[in-house]
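Engineer: pasted the sequence and its predicted model underneath.
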Amino acid sequence: MTARETGEVTRVSGPIVVARGMADSQMYEVVEVGPQRLVGEIIRLEGEAATIQVYENTTGLKPGAAVRRTAMPLSVALGPGLLSSIYDGIQRPLTAILETSRTPYIRRGVKLPALDARRRWRFTPRLKPGGQVSGGEVLGVCPETELIEHRVLVPPTAAGELVELVPEGEYTVADVIGRVRTAAGDEVELYLAHRWPVRRPRPVKERLTANEPLITGQRIIDILFPIAKGGAGAVPGGFGTGKTVAQHSLAKWCDADIIVYVGCGERGNEMTQVLTDFPRIVDPRSGRPLMERTVLIANTSNMPVAAREVCIYTGITIAEYYRDQGYDVAVMADSTSRWAEALRELSARLEEIPAEEGFPAYLPSRLAEFYERAGVVRTLAGERASVTVTGSVSPPGGDFSEPVTQHTRRFVRCFWALDTELANARHYPSINWLTSYSEYVDEIQDWWHAKHPDWAELRKQTMELLQREARLRQIANLVGPDVLPDQQRLVLFVAELIKNGFLQQNAFEPKDMYCVPDKTMSILRTLLSLYRRGSELIERGAPLVRLRELPAIQAAVRARLEAANDALDRLAEIQDRLSAELDDLERSYT
């Protein structure tokens, strides 16, 4: 982008700057402010005055400073080299900045290309010159990482006759690899990369129904509250309930092809853990480093607040780009509450009339703009692909009635409510099974039935058992569990086994941090068969105390920790052992 001087600063209020002499400007145009050329974006126009949202620290900026226009909206560079990279909210490469500045802090005005212009990529064309091309078609491919083949796309805005395309060879993102002659006779140059405005959704051919689950490896999610590929979910919870760990687990283990992790306003030490852990994590599907299919966007709480507002748009735009290549992409936004707080601060500096709890009146529409960019689509190239979005929410004091949580519920169909009491009891993931829900169950049940026909029935039985246990627990707290009949005490007993042996999952235990669907279903079948057979035995006169003493029960509870994902024979052995012990007990009361 080339900038030209057109206006001057008249007012500075934190990240909000007012400039005059901007009559020819456009909304959401990128400008450079002051002698250090701080990156900003026009968010209001009144006559020749422009209100600018500056994405860097404005300390020292004063009236009279020059403002330079770029005549371009805020855009991101999309091309090979995005994977394994770490960016800030406006797509500045943090690793490259660290290498050049020799300081852990980002100097104001620093500008480095998001994609390394010196790196050469092996490009193999898939089209031949002379044919007609349209936006979204695959020009060719290059190996971006060992795990992902990068499909170089015709920009969505380009269409016409492909008059030139380079042969197979090594090229940089700055090299012209082809030309398209439009219907108007103009020639458009093609590169390995192109730019796209972050606030504009990328076009698709059609939107499809989300009917395939995103397998996360978290038992409580996959069975009780599943999310579909292309779905939108929220992870709300108070301080210390494990939102970030839940997001990390989803990013590490979900079966999406590409992961885009957006750290939006989180504490620096949490993002440091992400930045240091992810390069060391081994992808369970390939054995390669997980970073080879991951993009990290870090915008910590001590970075400029305006950049926090735009970072989730940067993340979702990168996700849509890989979706257009035909991949399933998962976006983790941690946390949307910090993003909403940035909106509130900027709105206050703009002197807008506040709505609930000081948030701007357009908070719901901004949340909708973000979550509605999720979905399963038919790309312009005709492939089925998806973007799945999960955003964590940090309600103050764990109050789910606050505006961000309430408005988020309107735009997501999967709600994993984290519970402070469960977290205090060291029950993780602390997803409350009574207040969480998923509206994707009906859409994805055909997929589950093809692999496990009893999935829906087992899920229903588990939910009913947990709900009965909650009601009985209230009675037991008043009068004591010993006065309840054995049938009701059996409900309490088996529900406790399900909590400890199924719903609870250790993110740091190698055999338990990730659970394949076959292992998940095997554990659940074992525990529910205990309830069914136990209920029949109690009806025949067997006391609950005899049932509780069966040695195989403890083995069934420990199965999640002792049986690996590929050791299904071990789970079958536990199930057979429990069945044999129940048969022996049944013969005693026949």
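Structural biologist: Good, I have the coordinates.

Engineer: only C-alpha atoms for contact and neighbour calcs from this point on.
Structural biologist: Will do.

Engineer: any stretches of the stretch 51-200 of the chain with poor pLDDT?
Structural biologist: 104 (pLDDT under 70).

Engineer: please enumerate the helices of the stretch 251-400 of the chain.
Structural biologist: For the stretch 251-400 of the chain, the helices defined by DSSP state H, counting those that start in this stretch occupy 268-277, 305-324, 336-349, 363-371.

Engineer: cool, the stretch 101-250 of the chain as well?
Structural biologist: Counting by DSSP H, counting those that start in this stretch, the helices of the stretch 101-250 of the chain are 219, 243-253.

Engineer: likewise for the stretch 451-590 of the chain?
Structural biologist: Counting by DSSP H, counting those that start in this stretch, the helices of the stretch 451-590 of the chain are 455-479, 486-498, 517-539, 544-548, 551-562, 568-588.

Engineer: about what we covered before: would TSV of the helices of the stretch 101-250 of the chain with mean neighbour count and mean pLDDT be doable?
Structural biologist: TSV is the format used below for the helices of the stretch 101-250 of the chain (neighbours: other C-alpha atoms under 10 Å; pLDDT from 0 to 100):
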stretch	mean neighbour count	mean pLDDT
helix 219	27	96
helix 243-253	21	88
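
Engineer: coming back round to it: reformat the helices of the stretch 451-590 of the chain as a markdown table; add mean neighbour count.
Structural biologist: As requested, the helices of the stretch 451-590 of the chain are exported to a markdown table (neighbours: other C-alpha atoms under 10 Å):
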| stretch | mean neighbour count |
| --- | --- |
| helix 455-479 | 15 |
| helix 486-498 | 20 |
| helix 517-539 | 18 |
| helix 544-548 | 14 |
| helix 551-562 | 19 |
| helix 568-588 | 16 |
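
Engineer: now residue 336: how far from residue 390?
Structural biologist: 10 Å (C-alpha to C-alpha, to the nearest Å).

Engineer: try residue 438
Structural biologist: 13 Å.

Engineer: neighbour count: these two, which is higher?
Structural biologist: Higher neighbour count among residue 438 and residue 390: residue 390, with 26 against 18, using other C-alpha atoms under 10 Å.

Engineer: tell me the pLDDT at that one?
Structural biologist: Listed pLDDT for residue 390 reads 97.

Engineer: can you show me the strands along the stretch 301-450 of the chain?
Structural biologist: In the stretch 301-450 of the chain, the strands defined using DSSP state E, counting those that start in this stretch lie at 328-334, 375-378, 384-393, 414-415, 437-438.

Engineer: mean neighbour count, those: which tops it?
Structural biologist: Most buried of the strands of the stretch 301-450 of the chain by mean neighbour count (mean count of other C-alpha atoms under 10 Å) is strand 328-334; its value is a mean of 27.

Engineer: just how off-centre is that strand within its chain?
Structural biologist: Offset of strand 328-334 from its chain centre (C-alpha atoms, centre = their mean, to the nearest Å): 2 Å.

Engineer: tell me the angle that strand makes with strand 384-393.
Structural biologist: When axes from the mean of the first three to the mean of the last three C-alpha atoms, to 10 degrees is applied, the directions of strand 328-334 and strand 384-393 differ by 10 degrees.

Engineer: and strand 328-334, what other elements does it pack with?
Structural biologist: helix 243-253, strand 258-264, helix 305-324, strand 384-393 (3 or more C-alpha pairs under 8 Å, 6 or more residues apart in numbering; DSSP states H and E).

Engineer: out of the ones you listed, which is closest to residue 57?
Structural biologist: helix 305-324 (9.0 Å; C-alpha to C-alpha).

Engineer: for the closest one, give the mean pLDDT please.
Structural biologist: Helix 305-324 comes out at a mean pLDDT of 93.

Engineer: what is the residue nearest to the spatial centre of the chain paired to in the beta sheet?
Structural biologist: Central residue of the chain (C-alpha atoms, centre = their mean): residue 332, 2.0 Å from the mean position. On the basis of DSSP bridges, residue 332 is bridged to residue 261, residue 390.

Engineer: hang on, isn't it packed against residue 387?
Structural biologist: No - shown here, residue 332 and residue 387 do not form a contact pair, counting by C-alpha atoms under 8 Å, at 10.7 Å.

Engineer: for residue 322, find the nearest of the helices of the stretch 101-250 of the chain.
Structural biologist: helix 243-253 (16.1 Å).

Engineer: using PDB, write out every CA atom in that closest one.
Structural biologist: The C-alpha coordinates for helix 243-253 follow below in PDB (Å, rounded to 0.1, in the frame of the first residue of the first chain):
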ATOM      1  CA  LYS A 243     -12.100 -21.900  29.500                       C
ATOM      2  CA  THR A 244      -8.600 -21.600  28.100                       C
ATOM      3  CA  VAL A 245      -7.800 -25.200  28.800                       C
ATOM      4  CA  ALA A 246     -11.000 -26.300  27.100                       C
ATOM      5  CA  GLN A 247     -10.100 -24.100  24.000                       C
ATOM      6  CA  HIS A 248      -6.600 -25.600  24.000                       C
ATOM      7  CA  SER A 249      -8.000 -29.100  24.100                       C
ATOM      8  CA  LEU A 250     -10.300 -28.400  21.200                       C
ATOM      9  CA  ALA A 251      -7.500 -26.900  19.200                       C
ATOM     10  CA  LYS A 252      -5.200 -29.800  19.900                       C
ATOM     11  CA  TRP A 253      -7.500 -32.700  19.300                       C
END
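
Engineer: what helices and strands are in contact with that helix?
Structural biologist: By 3+ C-alpha pairs under 8 Å, 6+ apart, helix 243-253 packs against strand 328-334, strand 384-393.

Engineer: now the shortest one against helix 243-253, angle please.
Structural biologist: Okay, so that is strand 328-334. Using the same axes, to 10 degrees: strand 328-334 against helix 243-253 is 160 degrees.

Engineer: strand 328-334 - what's its average pLDDT?
Structural biologist: 95.

Engineer: pull up the distance across stretch 530-550, start to finish.
Structural biologist: Terminal-residue distance, stretch 530-550 (C-alpha to C-alpha): 11 Å.

Engineer: and what of stretch 212-231?
Structural biologist: By C-alpha to C-alpha, one end of stretch 212-231 lies 10 Å from the other end.

Engineer: for stretch 188-197, same thing?
Structural biologist: So stretch 188-197: terminal residues 18 Å apart, C-alpha to C-alpha.

Engineer: go through it and flag the buried ones.
Structural biologist: For stretch 188-197, burial by neighbour count (16 or more other C-alpha atoms under 10 Å) applies to 188, 190, 191, 192, 193, 194, 196, 197.

Engineer: and stretch 291-303, by the same measure?
Structural biologist: So for stretch 291-303, counting by 16+ other C-alpha under 10 Å, buried means 291, 292, 293, 294, 295, 296, 297, 298, 299, 300, 301, 303.

Engineer: could you export that stretch as CSV, CA atoms only?
Structural biologist: Extracted in CSV, the C-alpha atoms of stretch 291-303 (Å, rounded to 0.1, in the frame of the first residue of the first chain):
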residue,chain,number,x,y,z
MET,A,291,1.9,-26.1,14.2
GLU,A,292,2.2,-27.3,10.7
ARG,A,293,-1.6,-26.9,10.3
THR,A,294,-2.1,-24.0,12.8
VAL,A,295,-2.2,-20.2,12.6
LEU,A,296,-1.8,-18.3,15.9
ILE,A,297,-3.0,-14.7,16.4
ALA,A,298,-1.9,-13.2,19.7
ASN,A,299,-3.3,-10.0,20.9
THR,A,300,-2.7,-9.9,24.7
SER,A,301,-4.3,-7.6,27.2
ASN,A,302,-1.3,-5.3,27.3
MET,A,303,-1.5,-4.7,23.5
